[in-house]
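Asks: Sequence and predicted model, in that order:
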Amino acid sequence: MGNAALRDLAVIEAVPFDELSGAVVAIDAHNWLYRYLTTTVKWTASDVYTTADGTEVANLVGVVQGLPKFFENDITPVFVFDGVVTDLKEGEIDERRAAKERAAAKARAARDRGDGIEAARLEARTQRLTDAIQRTTRELLDLLDVPYVEAPAEGEAQAAHMAKSGDVDYAGTEDYDALLFGSPLTLRQLTSKGEPECMDLEATLAAHDLTYEQLVDVGILCGTDFNEGVHGMGPKTAVKAIREHGDLAGVLDARGAAIGSMDAVRELFLNPDVTDDYGFDAALSPDVEAAREYVADWGIPDAEVARGFERIEESVTQTGLDQWT
């Protein structure tokens, strides 16, 4: 997801958690959740997160395991959920669906030959955010008093907008396209061990002597979730071409190339469908006991979430709710 080629251009630096204390971060919820979801599935037996009627709620384990990292470091997460998927992204979604189907077939073959570890690894690739996962995630966040925002379209674009507006301190996502959506500061590696890293838009523009609009053009030339790039056009070549010809149209004219829906893709990044109709309270008051009961009601064994809930309770006590502002 996102344009990984942008990592070669982005100015990214590790940032210690103590420098993030007190920060509010708009989290690309689907991106964050998917990463914990696949980890949960990969290392947990399916009966742990599957109800009697076959509903999979591995997300409940993932949320409880993932939230303590924010709480323990005095970071307030505001989760931003995707809205309507743009037609431009349908091709990318079809490719992901096909990849999941291939992984599922390989997982079944691994199970048949008795290779449980390989099967679990492959099954992790098949996970998708079902209606049940979407609903139960929101219900658990409500009980833990963690705010969330419903984006009209791309959650990443909404998170970037909130950061640009100054309503949050950072956007949080693994996707490099956050740069193209104009997020000033983006935290990555929030689901990984170790310190996160911060991707700086202004520093990136300065490092390559580009305007924001030109950086968007560079990304489109390399390829995004919404378009295929120009063959042979990597990030360094794209930067050089944009500098030489000024903008995307100039580069395409010079190369005799074309990008389908070019104007629509450019507009999607420069003027995405976002909303200012949101509000959240950064002072959190989680009802841990109610959340624990909710997860148990879904049949999740206490052993799978006990330590996560303990960490949440400990962090709330240590940090103090009056500091969550």
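Replies: Okay, I see it. Keep in mind that what you see is a predicted model, and the values were worked out from it rather than measured.

Asks: could you give me the average pLDDT of the helix or strand hosting Thr137?
Replies: Per DSSP states H and E: Thr137 is located in helix 131-143. For helix 131-143, the mean pLDDT works out to 95.

Asks: again, but for stretch 237-252
Replies: On average, stretch 237-252 scores 96.

Asks: Quick one: low-confidence residue ranges for the stretch 51-200 of the chain.
Replies: Applying pLDDT under 70 to the stretch 51-200 of the chain flags residues 85-112, 114-128.

Asks: Show me the strands in the stretch 1-150 of the chain, by range?
Replies: For the stretch 1-150 of the chain, applying DSSP state E, counting those that start in this stretch gives strands covering 11-14, 24-28, 76-81, 148-150.

Asks: Kindly calculate the angle that the longest one makes with strand 24-28.
Replies: Taking axes from the mean of the first three to the mean of the last three C-alpha atoms, to 10 degrees, one finds strand 76-81 and strand 24-28 inclined to each other by 30 degrees.

Asks: which residues sit against strand 76-81?
Replies: For strand 76-81, the surrounding residues in contact (C-beta atoms under 8 Å, 6 or more residues apart in numbering) are 23-30, 32, 67, 70, 134, 138, 141, 146-151, 155-156, 158-159, 162, 168, 172, 280, 282, 284, 324. For every residue, glycine as well, the C-beta is placed using N, CA and C.

Asks: which ones are touching Gln158?
Replies: For Gln158, the contact set (C-beta under 8 Å, 6+ apart) comprises 26, 80, 149, 151-152, 272, 274-275.

Asks: Quick one: buried ones out of the contacts of strand 76-81?
Replies: Applying 16 or more other C-beta atoms under 10 Å to those, the neighbour count classes 23-30, 32, 67, 70, 134, 141, 146-151, 155-156, 158-159, 162, 168, 172, 280, 284, 324 as buried.

Asks: about what we covered before: now, which of the contacts of Gln158 sits nearest Asp8?
Replies: Pro272 (23.8 Å; C-beta to C-beta).

Asks: The closest one touches Phe181, doesn't it?
Replies: Yes - look at Pro272 against Phe181 with C-beta atoms under 8 Å: they come within range, at 6.1 Å.

Asks: quick one: which of the two has more around it?
Replies: Between Pro272 and Phe181, counting by other C-beta atoms under 10 Å, Phe181 is the more crowded of the two (27 against 20).

Asks: how about the residue lying closest to the more buried one once chain neighbours are set aside, what does it touch?
Replies: Once flanking residues are discounted, Phe181 sits nearest to Ala160: 3.8 Å by C-beta to C-beta, 6 or more residues apart in numbering. Counting by C-beta under 8 Å, 6+ apart, Ala160 touches 171, 178, 181-183, 186, 272.

Asks: Weed out the non-buried ones from these.
Replies: When the contacts of Ala160 are checked for burial by 16+ other C-beta under 10 Å, the buried set is 171, 178, 181-183, 186, 272.

Asks: Looking at those, which are in strands?
Replies: Those of those mapping onto strands are 171, 186, per DSSP state E.

Asks: For the buried ones among the contacts of Ala160, work out which two are farthest apart.
Replies: Thr186 and Pro272 (15.0 Å).

Asks: Just the residues contacting the helix holding Thr137, thanks.
Replies: With C-beta under 8 Å, 6+ apart, helix 131-143 has contacts from 29, 33, 37, 55-60, 63-64, 79, 81, 147-148, 286-287, 290-291, 294-295, 298.

Asks: So what's the gap between that helix and the chain middle?
Replies: 17 Å (C-alpha atoms, centre = their mean, to the nearest Å).

Asks: residues in contact with the nearest residue in space to Ile259 that is not next to it in sequence?
Replies: Among residues not flanking Ile259 along the chain, Asn227 sits closest, at 5.6 Å (C-beta to C-beta, 6+ apart). The neighbours of Asn227, taking C-beta under 8 Å, 6+ apart as the test, are 88, 220, 259-262, 265.

Asks: Would you check those and say which has the weakest pLDDT?
Replies: Per-residue pLDDT puts Leu88 lowest of those, at 50.

Asks: Show me what counts as buried in the helix holding Thr137.
Replies: Buried positions in helix 131-143, judged by neighbour count with 16+ other C-beta under 10 Å: 133-134, 136-137, 140-141, 143.

Asks: ok, those residues vs Ser192, which is closest?
Replies: Closest to Ser192, out of all of those and judged by C-beta to C-beta, is Thr137, at 20.3 Å.

Asks: still on that earlier bit, is it possible to get TSV of the strands of the stretch 1-150 of the chain that adds distance to Cys198?
Replies: Converted to TSV, these look like this (distance: least, C-beta to C-beta, whole Å):
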stretch	distance to Cys198
strand 11-14	6
strand 24-28	11
strand 76-81	16
strand 148-150	21
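
Asks: Can you check which of those gets nearest to Tyr212?
Replies: Comparing the strands of the stretch 1-150 of the chain under C-beta to C-beta, the one sitting nearest is strand 11-14, at 13.9 Å.
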